[in-house]
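Engineer: predicted coordinates and the sequence they were generated for:
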Amino acid sequence: MSADVTKVDQTPGDQAPDGGTGGGHDTSTQGPPVGGAPARAGGIAGFLGGPLGRNAGLVVALVLLIIVGIITAGDRFASPENALTILRLGSVIGVVSVGMTFVICGGGIDLSVGAIVALSSVWATTVATQTLAADFHWIVMVFAALAVGGVCGLVNGVLIAYGRIAPFIATLAMLAAARGLAEIIAKRRTQIIRDRDFITFFGGSVLGIPVLVILFAIVAVVGWILLNRTTFGRRTLAIGGNPEAARLAGIRVQRQTMYLYILLGIACGIAAVMIMARTTTGTSTHGTLYELDAIAAVVIGGTLLSGGRGTVVGTVLGVLIFTTLTNVFTLNNLDTSTQAVAKGAIIVAAVLLQQRVSRTRST
Amino acid sequence: MTGVVKRFPGVVALGGVDLDVQRGEVHCLLGQNGAGKSTLIKVLAGVHEPNEGTIEWEGEQVTLSHPQAAMDLGVATMYQELDLVEGLSVAENIFLGHEQTRFGFSQRSAARREAAALLARLGHSEISPAAEVGTLSAASCQIVSMARALSLDAKLIIMDEPSAVLDAGEVSQLFRVIREITDQGVAVIYISHRLEEIREIGDRVTVLKDGRTVTTGLDAKTTPTQELIRHMTGRSIEYVFPPKPEVPAGEPLLRVEGLGRTGEFSGVSFDVHPGEVVGLAGLVGSGRSEVVETIFGARKATTGTVTVDGRLVRPGSVPAAVSAGIGLCPEERKSQALVLGASLASNISLASLARFSRAGLLDRDGENTSAEELLESLDVRPRGIHRESRTLSGGNQQKVVLARWLLRGCRVLLLDEPTRGVDVGARSEIYALIRRLTDDGVAVVVVSSEIPEVLGLSNRVLVLADRTVRHEGLADELDEHAVLDIILKGDAA
């Protein structure tokens, strides 16, 4: 091993020290991009028909959480700094969840996202990559992460679309293999990023907003446009809704399926870059259990697990609910086990509420 | 039952239905799609509870709060959408929900013996009780469903379009069994769109329209057809086929040569000129659907070629067939054609997404305008382009599938059972639509189990039997009996 790269013993990867203190809390800065403001357009009817109305249950849950946060943690919770903290915390899993929304809309599932994040982060921080990055530019590390993520997604996609392996099984295999490969490459050690510019760029802020949050916002907006306003999105919903009908309408179902996993793989690569910036490390333990967090966010967001219908806005709200929950619990010094229990309860409550809303809406 | 009302949020599916069924009779339910037949069945089967009205069973008022309550009374239902579990065996399906057990263990051998006995009684001892249901044909599944109803020792069996997937021979088997069980005092509620079946098997007829009983207790044998149709529609129409198009001489548009697929069909050759309708007649299992799906590339041909306008179409590729200008309205609308949870507009544009793509972005205004125009020109009801396609009746769903290919502007249209599950009124509209297409120079291939339909629509007819073409001739020179003769004897009589 080259002496150029500092390796320290394995540390639990991505928990950046995030506390929070201070003043007023503005929910509007947390609002996801919803493409226009239909809430204002047509009173109650317009509101219920708009993206926010469709996600009414989630908005209510988020507002309740915020109220709980203000009551229990007061100013420490209700401050712009803390709001940004929450967004920063949620940005990594948020990017993965937006990608996951596409795969689930298309009738699939991907359990390997956490492992792909880990592998991408490790590959992008190896001696070789970092040396290359030092010679050229830190962008090499970014490309390495995206490429590794994309290739993992390609493997998933080919196995599922053309190998006809059930998505659950194929990505379960990738989960095991990718994390294993990450451990082999990193020799179970944490690889520190030496490139200061990389950390300064991704760790910094633009106009007071952290770059990570901006990246998440960009991914969410692009994801929303892709799903709702492009033929790509329409094909995705069609193959998830009825693959046979899509096939008999001349849509290349296998190719589209493969694209979805590649897309998610690349999202994992982006997430890897973000987590590298946040922790200044690459390690095989990055992204542990991201698959469950992402699937939970997507599902409570209102995307059908069976495919055919999905919402990026809902997914973003789902992510915000979970991170706000974590934040409120942390501020109140409650342990992660309690958080897990609350998380479970929220998943059930949100889905029940969502079902009721969609039932009344369909009348 | 009297004055039964069933409201769903937003719609009144049943608005006052009166029906009485007597022991040992075959009571036929007639009505257009959306008249409330299926809802009525579900009320009787205990799936839905009525909001108003009463149901009496052997003189006593009953509440059927769940399916098991109906089964306990002796009501068995054969749904139109087959409700079998594909991964289980025939015997397991027949006894599903009322398994014979001893000490909590299922009695597999006993169940298989009894299943075999039931199947033999239905004249289908060739179906093995151990076979997995997923491997059976649609017709065999129907038989299993029937055996399941019999196994319940039901006093009333409700059959929702049992003949839809059966061929003539199987229908007569079905009728034999119905007569047998009605002789034993079992009552049957029989639903079918085929009037001739109702004549043959029915005792009395009840007509539903818009969720209400229009008339009940008509004699099934003697009530004139015109009168039944008038009750169903409020207007008096027969199946009216539009006059057949003149076929222009010249080069054929679609040419199929020596097409075959190992184990499915072989040696299918024919061509279709622009503006011509060619019909494929044959019984269920004759390979009709396989032929059109192979032309469309949904199945890969093992032999033979398909050419459109002289250009070879790459076999086994739907996109290749679609870009060659071929469209298919598949046999199973719900499972093969429509994305049920998606809007009408997105179902219509599904095959033409490239047209609405502006550098990948979807031109939604263009999409909606086109969909709107098509829905209007095809008179789809209810219209709204944002409506989920599952909420439409069979005939209107079929129009949506047709609209998809109209939008695509295809030159060869393959229609597999275009009027299955479509009511009388919508049928005529679909026939007229096919005529409109041929006027525009589209070459049409029609597959149908209903021989009169094939004869009435087509210029030329191919009769399929034993997985190959038995006869090709002008439709005007054939009649229903001649076609049946060819199918049964293997040559033109």
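Structural biologist: Structure's in. What do you need? Numbering: from 1, shown residues only, chains lettered A, B, ... in the order given.
Engineer: near chain B, which residues of the stretch 101-250 of chain A?
Structural biologist: By Cβ under 8 Å from any Cβ of the partner chain, the part of the stretch 101-250 of chain A that sits against chain B consists of A:225, A:229-235, A:237-238, A:241-242, A:244-250. For glycine as for every other residue, the C-beta is placed from the backbone atoms N, C-alpha and C.
Engineer: so which of those sit within helices?
Structural biologist: Those of those mapping onto helices are A:225, A:229, A:231-235, A:237-238, A:241, A:244-248, per DSSP state H.
Engineer: what about the strands in the stretch 251-400 of chain B?
Structural biologist: In the stretch 251-400 of chain B, the segments counted as strands under DSSP state E, counting those that start in this stretch are B:254-261, B:265-272, B:277-281, B:303-308, B:311-312, B:326-329, B:357-358, B:361-362.
Engineer: err, the stretch 1-150 of chain B, not the other one
Structural biologist: For the stretch 1-150 of chain B, the strands defined by DSSP E, counting those that start in this stretch cover B:2-8, B:11-17, B:26-30, B:52-57, B:60-62, B:75-78, B:101-102, B:105-106.
Engineer: please identify the pairing partners of the fourth one and their relative orientation?
Structural biologist: In other words, strand B:52-57. Strand B:52-57 has the following sheet partners, assigned by DSSP bridges: strand B:2-8 (antiparallel), strand B:60-62 (antiparallel).
Engineer: where does the stretch 351-493 of chain B have low pLDDT?
Structural biologist: Applying pLDDT under 70 to the stretch 351-493 of chain B flags residues B:488-493.
Engineer: which parts of it sit against chain A?
Structural biologist: For the stretch 351-493 of chain B, the residues in contact with chain A (Cβ under 8 Å from any Cβ) are B:351, B:353-354, B:356-357, B:360-362, B:364, B:404.
Engineer: just the buried members of the residues you listed?
Structural biologist: B:351, B:353, B:356, B:362, B:404 (16 or more other Cβ atoms under 10 Å in any protein chain shown).
Engineer: you'd agree residue A:314 is up against residue A:57?
Structural biologist: No - look at residue A:314 against residue A:57 with Cβ atoms under 8 Å: they stay out of range, at 9.4 Å.
Engineer: looking at the two, which is more packed in?
Structural biologist: residue A:314 (25 against 22; other Cβ atoms under 10 Å in any protein chain shown).
Engineer: off-centre distance for the helix or strand hosting the more buried one?
Structural biologist: Counting by DSSP states H and E, the element that carries residue A:314 is helix A:312-331. With Cα atoms, centre = their mean, to the nearest Å as the basis, helix A:312-331 stands 11 Å off its chain's centre.
Engineer: that one and chain B, any residue contact?
Structural biologist: No - among the residues of helix A:312-331, none lie within reach of chain B under Cβ under 8 Å from any Cβ; the closest is 15.1 Å away.
Engineer: using PDB, list the CA coordinates for that helix.
Structural biologist: These are the backbone C-alpha positions of helix A:312-331, laid out as PDB (Å, rounded to 0.1, in the frame of the first residue of the first chain):
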ATOM      1  CA  VAL A 312     -40.900  12.200  -7.000                       C
ATOM      2  CA  VAL A 313     -42.500  14.900  -4.800                       C
ATOM      3  CA  GLY A 314     -43.800  12.200  -2.500                       C
ATOM      4  CA  THR A 315     -40.400  10.600  -2.300                       C
ATOM      5  CA  VAL A 316     -38.800  13.900  -1.400                       C
ATOM      6  CA  LEU A 317     -41.400  14.400   1.300                       C
ATOM      7  CA  GLY A 318     -40.800  10.900   2.600                       C
ATOM      8  CA  VAL A 319     -37.100  11.500   2.900                       C
ATOM      9  CA  LEU A 320     -37.700  14.800   4.700                       C
ATOM     10  CA  ILE A 321     -40.000  13.100   7.100                       C
ATOM     11  CA  PHE A 322     -37.400  10.500   8.000                       C
ATOM     12  CA  THR A 323     -34.600  13.000   8.400                       C
ATOM     13  CA  THR A 324     -36.600  15.400  10.400                       C
ATOM     14  CA  LEU A 325     -37.600  12.500  12.700                       C
ATOM     15  CA  THR A 326     -33.900  11.600  13.100                       C
ATOM     16  CA  ASN A 327     -33.100  15.300  13.800                       C
ATOM     17  CA  VAL A 328     -35.900  15.700  16.400                       C
ATOM     18  CA  PHE A 329     -34.800  12.500  18.200                       C
ATOM     19  CA  THR A 330     -31.100  13.500  18.200                       C
ATOM     20  CA  LEU A 331     -31.900  16.900  19.600                       C
END
